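In: quick check, what structure comes out for this input:
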Amino acid sequence: MMEWKYIKEQLITFLKDEVSKAGLNRVTVGLSGGLDSAIVAILCKEAFGENMSCVLMPSHYSSAGSIKHALEVCEKFDIEHEIIEIAPMVNAHEKFMDGDKLRIGNFSARMRMSVLYDVSARDNSLVVGTSNKSEILLGYGTIFGDIACAINPIGEMYKSDEYEFGKFLGVPDSILEKRPSADLWEGQSDEDELGYSYKQMDEVLKKLVDEGISKEELIKNGIDNELIDMITYRMKANAFKGKLPTIAKIKWS
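Out: Below is the predicted model of the structure:
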């Protein structure tokens with residue numbers, strides 16, 4: 001049984017310490033209507049009170065529920081917020097993307113992060129990330145988009161564990177009960193795209209990453225070979241997303 005009270009205290013201390021180290025006292029958070037950003041927004045509200053810029057950034061592809069659920073969080077936890085539509089930004093470039101949903105989705109994620117960094121510059125604050133450990137390990141995110149941030153309080157928390165933490169924090173049921181989605185286009189679903197539920201994937205990730213159990217042992221224990229191969233492939237292929245740019249080493253003489 002997770003000690004969620006203790007974990008919450010650790011994360012709030014982390015947030016306060018890291019923002020203080022930067023010589024600041026304010027944070028900027030993008031709130032999407034999903035579980036990850038709801039958890040981060042609630043933690044930031046408790047850590048910083050009114051010293052928090054919360055931004056909702058719908059586009060013409062956002063689901064009807066995304067803005068509604070984000071507003072539920074703001075109302076329940078008394079979080080001041082602003083709504084900045086990214087549709088005009090996406091529309092300006094969409095004609096060059098040949099209707100490619102993935103490109104449009106990635107571009108939308110980058111426009112949202114551009115907005116967040118502009119708000120953080122306006123308010124002299126740090127951008128707080130909302131990517132969980134499952135997404136980070138699998139590379140399931142947009143580089144320079146939703147992955148970008150200055151600090152991240154939930155990057156060591158698996159998606160499947162967030163539901164229990166969310167209940168502890170008081171995340172509305174409307175968010176806890178809906179299918180995980182990056183909301184990049186209508187009907188988009190994380191688990192449909194990945195082919196497995198987060199519960200299934202996290203079970204394997206925990207064994208591979210945290211416990212160091214080999215693929216052979218996992219197969220012996222009845223874990224699906226295709227699931228293991230998908231996870232190991234994604235972890236290797238997307239590892240670059242979690243690294244700083246590689247800079248060439250030059251021998252000057």
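In: run through this structure and note the low-pLDDT ranges.
Out: Residue ranges of the chain with pLDDT under 70: 1, 185-186.
In: now do 90
Out: Where the chain drops to pLDDT under 90, the residues are 1-2, 62-65, 178-195, 244, 253.
In: next up, phi/psi of the nearest residue to residue 190 once chain neighbours are set aside, please.
Out: Nearest residue to residue 190 in three dimensions, chain neighbours excluded: residue 180, at 4.3 Å (C-beta to C-beta, 6 or more residues apart in numbering). (Each C-beta comes from the backbone N, C-alpha and C, glycine too.) The phi and psi values for residue 180, taken as degrees, to the nearest 10, are phi -60, psi 130.
In: what separation do you get for residue 180 and residue 4?
Out: 20 Å (C-beta to C-beta, to the nearest Å).
In: of the two, which one has the most company?
Out: The residue with more neighbours, out of residue 180 and residue 4, is residue 180; 22 against 15, by other C-beta atoms under 10 Å.
In: these two touch, right, the more buried one and residue 162?
Out: No - the pair residue 180 / residue 162 is not scored as a contact, 9.5 Å apart, by C-beta atoms under 8 Å.
In: hey, what's in contact with both of the two?
Out: Counting by C-beta atoms under 8 Å, 6 or more residues apart in numbering, the shared contacts of residue 180 and residue 162 are residue 35.
In: what ranges do the helices span in the stretch 51-200 of the chain?
Out: Per DSSP state H, counting those that start in this stretch, the stretch 51-200 of the chain carries helices over the ranges 64-76, 87-94, 101-123, 133-138, 159-169, 173-176, 190-194, 198-205.
In: just the buried positions in the second one, please.
Out: So the one you mean is helix 87-94. 87, 89-90, 94 (16 or more other C-beta atoms under 10 Å).
In: what's the neighbour count on residue 22?
Out: Using other C-beta under 10 Å: residue 22 sits among 11 other residues.
In: and which of the buried residues of helix 87-94 is nearest to residue 221?
Out: Of all the buried residues of helix 87-94, residue 221 sits closest to residue 90, with 45.0 Å by C-beta to C-beta.
In: would you confirm that residue 149 contacts residue 136?
Out: No - using C-beta under 8 Å, residue 149 is not in contact with residue 136; the gap is 11.1 Å.
In: which ones are touching residue 228?
Out: Per C-beta under 8 Å, 6+ apart, neighbours of residue 228: 204, 208, 215, 218-219.
In: cutoff 7 Å now
Out: 204, 215, 218 (C-beta atoms under 7 Å, 6 or more residues apart in numbering).
In: quick check: the last one vs residue 60, distance?
Out: Here the distance between residue 218 and residue 60 works out to 43 Å (C-beta to C-beta).
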